[in-house]
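K.L.:
model this:
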Amino acid sequence: MPTWILIITCTMCWAIWPLVMKSASKSISPLMIQIVIAYVHSMLAPIMFLYMKASGVIADWSPKGVVLAGLACVLTTTASLSFSTALQRAPIHLVMGFVSIYPALTFALSTIFLGETVTIMKFFGIIVIGLGALMLSW
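P.N.:
Have a look, this model is predicted:
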């Protein structure tokens, strides 16, 4: 599948996801949302293994990769729980306004820890993200 289709799919899902989470948080608690998410992930695992087998992807069980993937899962679950709780308590534009600065933080952390390069355009992009987050929160 072309990368641009993956990017568009990801962007659309992330754009719709907060609306679904806000709607869910009106009906069930944020903790219950996480339990449902965990069950759905569990149900999808066999499908992912079948896809791996059909596409010839090798199951590579590097200890470091497994630990990092587990950490990513804990971080995502913590973020999702925090996000759904915040959505339950505040308007979506306010929550999304502040949450939307994460790409700037990710870029800063990737520069420090992964050696990503900083260019003037990327620096101005971070400023625009910050201004956009500020504008969304009003």
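K.L.:
Tell me the spacing between the residue most central in space within the chain and Thr119.
P.N.:
Against the mean C-alpha coordinate of the chain, by Cα atoms, centre = their mean, the closest residue is Thr76 at 6.6 Å. Between Thr76 and Thr119 the computed distance is 29 Å (Cβ to Cβ, to the nearest Å). In short, each C-beta sits where N, CA and C put it, glycine included.
K.L.:
Trp4 versus Ala133, what's the distance?
P.N.:
As for Ala133, its distance to Trp4 is 26 Å (criterion: Cβ to Cβ).
K.L.:
which one of the two has more residues nearby?
P.N.:
More crowded of Ala133 and Trp4, by other Cβ atoms under 10 Å: Ala133, with 18 against 8.
K.L.:
and that one, what does it touch?
P.N.:
97-98, 100-101 (Cβ atoms under 8 Å, 6 or more residues apart in numbering).
K.L.:
element containing it?
P.N.:
Taking DSSP states H and E as the criterion, Ala133 maps to helix 120-136.
K.L.:
List the buried residues for that helix?
P.N.:
126, 129, 133, 136 (16 or more other Cβ atoms under 10 Å).
K.L.:
what's the closest non-adjacent residue to the second one?
P.N.:
Spatial nearest neighbour of Ile129, chain neighbours left out: Ala104 (4.6 Å); criterion: Cβ to Cβ, 6 or more residues apart in numbering.
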